[in-house]
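Q: Quick one, structure for this:
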Amino acid sequence: MKEQLRDLARGVITQIELNERLMVETPFDNRVPVEVTGALTREGKQILLRFLARAVEDQSCSRCLGDTKFLYEIPYEEVVEIEQIETFDLSEVLRQELQLAAPMRVLCDEDCQGLCPHCGINLNEATCDCETEQIDPRLSALKRLLDE
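A: From the prediction side, this is the model:
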């Protein structure tokens, strides 16, 4: 691809089609294959970089700790000066975009019930008989007032 970038910068060609599969490190310290489709197009003294990156990463649900997959779909568009194109690193751009697209928490389902804080049972799969209402002992006097 470096040779194609040089040809694009010199004006020998006007467009490079991207259809790459790269291994990139994710924010969760995994290396995943990233499918990249798009194009680099020369427009005057600038190069327009436009692509869509897709990756699937195996994760654990933040609530129930079950196995789940997280899909990254990253549209990207940037204008690069011709002088900068020879130092362009697609894998570094992808790594940064994966960092930005990563969620704070990965959930197996929006309605995930999580784990019981007392017995640890997965509440998506079964129910438990644990007491759900706990009152701070400092506020127990107020609870007695509500009961009256």
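Q: contacts for the longest helix anywhere in the chain?
A: If you go by DSSP state H, the chain has its longest helix at helix 90-101. Contacts with helix 90-101, where a contact means C-beta atoms under 8 Å, 6 or more residues apart in numbering, come from 1, 18, 20, 22, 24-27, 34, 36, 53, 55, 72, 74, 76, 78. Glycine gets a C-beta too; all of them are placed from N, C-alpha and C.
Q: With stretch 44-58 instead?
A: Against stretch 44-58 from outside (C-beta under 8 Å, 6+ apart): 8-9, 18, 24, 26, 28, 30, 32-42, 67-82, 85, 88, 94, 97-98.
Q: burial count for Thr127?
A: 9 (other C-beta atoms under 10 Å).
Q: re earlier: closest to Leu115 among the contacts of helix 90-101?
A: Pro27 (23.7 Å; C-beta to C-beta).
Q: Could you give the backbone dihedrals for the closest one?
A: Main-chain torsions, Pro27, degrees, to the nearest 10: phi -60, psi -20.
Q: Give me the spatial nearest neighbour of it, chain neighbours excluded.
A: Once flanking residues are discounted, Pro27 sits nearest to Ala102: 4.0 Å by C-beta to C-beta, 6 or more residues apart in numbering.
Q: for the closest residue to Ile135 other than its chain neighbours, helix, strand, or coil?
A: Distances taken as C-beta to C-beta, 6+ apart put Lys143 closest to Ile135, at 5.2 Å, once the chain neighbours are dropped. Judged by DSSP: H, G, I helix; E, B strand; the rest coil, the three-state class of Lys143 is helix.
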